[in-house]
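Student: this is a predicted model, with the sequence first.
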Amino acid sequence: MTLPPLTLVLGGAASGKSDYAEQLVAATDRPMLYIATAQSFDAEMDDKIALHQARRGAGWRTIEAPLNAADAFACAEESEVVLFDCATMWLSNQLFAESNLGDAEVALFSAISDCKAPVVIVSNEVGAGIVPENALARRFRQTQGELNQRIAQRADLVVTVMAGLPLALKGTMPSGAS
């Protein structure tokens, strides 16, 4: 199966978006690069990361990039396919680090654009819930929605996943995709 240069896979929490994105990447029969953005600060997150690693299994080259994903994209080989999981954790990390979001996003998009390998980005759709009660959560929700829109504008294929079921919002699902 062949993927377009940039694919965005969106979904809510526990929607199956990461699993679907992993299936897309694996179906290409190319060497797989996983750019991981999660950081663990507690046992619950340790368990979630371990579950994702076990589900992926062997055959993935992994680069941990909670903040500087641009450098990780620069390490991608043209023969590989890249899975960036996920833009939501990357954004959270940027906010907590009090990074300059504009500069971080410019570096991220430049690195994605320069990447010679097909890229699949996983991101959470966070705008379908209630209005958060605190300012940081509202800022995150707003910023995440805007980031998703900018990724979707650049993407050749945008897929939403709900209850484990993928639906193309933009572009055509590749033949061989679940």
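Tutor: Everything's here; your move.
Student: the bottom helix or strand of the chain by mean pLDDT?
Tutor: helix 43-56 (a mean of 84; mean pLDDT, DSSP states H and E).
Student: next SSE downstream of it?
Tutor: Using DSSP states H and E, the helix or strand that follows helix 43-56 in sequence is strand 60-64.
Student: now the angle from that next one to helix 43-56?
Tutor: For strand 60-64 against helix 43-56, the angle by axes from the mean of the first three to the mean of the last three C-alpha atoms, to 10 degrees is 150 degrees.
Student: each with direction, which strands does strand 60-64 pair with?
Tutor: strand 32-36 (parallel) (DSSP bridges).
Student: just the CA coordinates for the partner strand, please, in PDB.
Tutor: Taking C-alpha atoms only, strand 32-36 is exported to PDB below (Å, rounded to 0.1, in the frame of the first residue of the first chain):
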ATOM      1  CA  MET A  32       8.700   2.100  10.200                       C
ATOM      2  CA  LEU A  33       9.900   5.100  12.300                       C
ATOM      3  CA  TYR A  34       7.800   5.900  15.300                       C
ATOM      4  CA  ILE A  35       8.300   9.500  16.700                       C
ATOM      5  CA  ALA A  36       7.000   9.300  20.300                       C
END
